[in-house]
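Q: sequence-free structure coming up:
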């Protein structure tokens with residue numbers, strides 16, 4: 001990366017940030033690895049080969065992580081004449097593209113939930129013990145958050161490129177204070193030509209994965225018994241890769257929802273479905289085209305941007321009853337998600353007795369707000385679904401929320 005922490009210019013151009021000598025060091029690091037992991041963005045933007053540039057030496061397995069399989073048809077990584085390529089994806093993603101990859105000799109592995117931890121478990125089962133994550137910030141951040149990164153190797157070039165939108169090596173980790181920063185241990189420094197190589201080890205992140213009790217054990221807990229002498233136990237969630245990030249409507253869990261004709265359609269996430277429903281039933285070509293684009297959006301964030309943008313620019317295209325139905329639409333989408341994925345249902349049940357708060361500092365409707373001033377509708381819906389799973393017919397939807405409000409008074 002550059003001295004100001006960029007791995008490319010704001011245009012995406014990255015050839016070359018580091019020196020030829022540093023790149024040679026990278027090739028040597030690859031040759032000592034069992035596998036190399038990259039994300040879909042790296043494949044689309046850089047179209048790498050991920051070779052070692054060494055004749056007759058060890059060639060690591062190349063692994064591409066992509067939930068949507070929105071990848072190049074003729075990527076260099078699909079050439080498996082010298083070494084194997086594995087594509088890790090979400091179950092059911094672009095089956096036609098999967099078949100084309102398989103026909104080229106690429107191995108495709110589907111995951112119920114594609115996460116860095118799931119990929120590392122898979123690598124361990126395959127005997128890949130030294131795995132190099134050579135990815136951009138969008139993948140490195142969740143990899144760090146999931147605790148699968150043990151050693152960091154950073155090449156810092158004496159260059160400044162600037163750019164507010166220029167990418168950095170690590171994306172959003174949800175940290176807001178410098179005291180939260182992850183410190184490296186056993187740090188070493190080495191000059192490689194004009195560049196500086198900094199390496200060190202990350203300490204394990206505590207409480208990374210919650211203990212999920214068996215459904216039978218969790219079902220005996222009263223989900224609305226949250227009051228204690230010190231107030232309720234509050235569980236906050238926000239980013240999709242946080243400990244309880246699967247509670248977020250942005251989590252990468254496809255859902256199946258009926259359309260106006262009763263036919264079931266797969267949506268890539270709850271957020272995809274929610275944003276599209278803003279324009280459902282509106283007889284306008286712009287609204288209908290936006291629904292199509294939202295459904296095919298690569299990520300929940302992109303789907304949200306599309307829906308919010310059209311809502312802001314053309315409020316006349318939003319369905320007339322949106323404000324009165326949006327909570328129920330979110331509820332039905334969340335209900336589908338937790339009904340589809342049993343492990344998510346177990347995780348939700350494991351929070352019985354706690355108040356769930358969507359910790360968005362800006363969304364005062366779905367989130368709890370910065371000072372607890374938000375309505376926390378998302379958290380309330382999750383508690384309602386939790387109570388339904390546990391067979392509790394009481395109105396926990398209102399009771400749990402009133403407890404958290406009173407505790408902040």
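A: All right, it came through fine. As the structure is a computational prediction, the values presented were derived from the model and not from experiment. Numbering: from 1, shown residues only.

Q: Show the model's pLDDT score for residue 400.
A: What the model reports as pLDDT for residue 400 is 38.

Q: Repeat that for residue 162.
A: 94.

Q: how close does it sit to residue 3?
A: Plainly put, residue 162 is 11 Å away from residue 3 if you go by CB to CB, to the nearest Å. Yep, even glycine has a C-beta here, placed from its N, CA and C like the rest.

Q: same deal with residue 317?
A: Distance from residue 317 to residue 3, by CB to CB: 46 Å.

Q: where does the stretch 51-200 of the chain have low pLDDT?
A: 55-56 (pLDDT under 70).

Q: could you redo the last one with a cut-off of 80?
A: The stretch 51-200 of the chain contains residues with pLDDT under 80 at 54-57, 173-177, 180.

Q: ok, the closest residue to residue 32 other than its chain neighbours - how many residues close by?
A: Nearest-residue entry for residue 32: residue 130, 6.7 Å, with adjacent residues in sequence omitted and distances by CB to CB, 6 or more residues apart in numbering. Residue 130 has 12 neighbouring residues, counting by other CB atoms under 10 Å.

Q: ok, residue 130 - contacts?
A: 32-35 (CB atoms under 8 Å, 6 or more residues apart in numbering).

Q: export these to TSV and tack on secondary structure?
A: Below are the contacts of residue 130 laid out as TSV (DSSP: H, G, I helix; E, B strand; the rest coil):
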residue	secondary structure
32	coil
33	coil
34	coil
35	strand
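
Q: Tell me which stretches of this protein form helices.
A: With DSSP state H as the criterion, the chain has helices at 20-31, 40-46, 95-103, 116-126, 137-145, 215-218, 270-277, 285-296, 300-313, 322-340, 342-349, 377-389, 396-407.

Q: Could you identify which of these is most buried?
A: Of those, the one with the most neighbours on average (mean count of other CB atoms under 10 Å) is helix 270-277, at a mean of 26.

Q: And it, what does it pack against?
A: With contacts defined as 3 or more CB pairs under 8 Å, 6 or more residues apart in numbering; DSSP states H and E, the packing partners of helix 270-277 are strand 255-258, helix 285-296, helix 300-313, helix 322-340.

Q: so which of the ones you listed comes closest to residue 39?
A: helix 300-313 (14.5 Å; CB to CB).

Q: How far off centre is the closest one?
A: Computed by CA atoms, centre = their mean, to the nearest Å, the chain-centroid distance of helix 300-313 equals 18 Å.

Q: quick revisit: any chance of the helices of the chain in CSV, with distance to residue 359 too?
A: Formatted as CSV, those follow (distance: least, CB to CB, whole Å):
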stretch, distance to residue 359
helix 20-31, 38
helix 40-46, 26
helix 95-103, 36
helix 116-126, 22
helix 137-145, 15
helix 215-218, 23
helix 270-277, 16
helix 285-296, 25
helix 300-313, 17
helix 322-340, 17
helix 342-349, 17
helix 377-389, 9
helix 396-407, 12
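
Q: For residue 237, find the nearest of these.
A: helix 377-389 (8.2 Å).

Q: residues in contact with the residue nearest to residue 363 when sequence neighbours are not counted?
A: Distance criterion CB to CB, 6+ apart; nearest residue to residue 363, sequence neighbours excluded, is residue 374 at 6.8 Å. Listed by CB under 8 Å, 6+ apart, the contact partners of residue 374 are 358, 360, 363-368.

Q: Swap in 7 Å and give it another go.
A: 363-364, 367-368 (CB atoms under 7 Å, 6 or more residues apart in numbering).

Q: Now a ChimeraX select for only the buried ones of these.
A: Entered in ChimeraX, the line below selects the buried ones among the contacts of residue 374, by 16 or more other CB atoms under 10 Å:
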select :363,367,368
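
Q: Filter the contacts of residue 374 down to just the ones in strands.
A: Assigned to strands by DSSP state E, none of those qualify.

Q: Just give me the closest of the contacts of residue 374 to residue 79.
A: residue 363 (45.0 Å).

Q: where's that closest one relative to residue 336, distance?
A: Distance from residue 363 to residue 336, by CB to CB: 22 Å.

Q: Also residue 18?
A: With CB to CB as the criterion, residue 18 and residue 336 are 46 Å apart.

Q: next one: residue 39
A: 27 Å.

Q: same deal with residue 83?
A: From residue 83 to residue 336 the distance is 40 Å (CB to CB).

Q: With residue 153 instead?
A: On the measure of CB to CB, residue 153 and residue 336 end up 42 Å apart.

Q: Could you do residue 48 as well?
A: 37 Å.

Q: Check residue 266 too.
A: For residue 266, the distance to residue 336 - CB to CB - is 11 Å.

Q: Quickly list what's touching both of those two.
A: Common neighbours of residue 266 and residue 336 (CB under 7 Å, 6+ apart) are residue 256.

Q: Just give me the neighbour total for the nearest residue to residue 141 once chain neighbours are set aside.
A: Of all residues not flanking residue 141 in the chain, residue 171 sits nearest, at 3.7 Å (CB to CB, 6+ apart). Residues lying near residue 171 (other CB under 10 Å) number 18.
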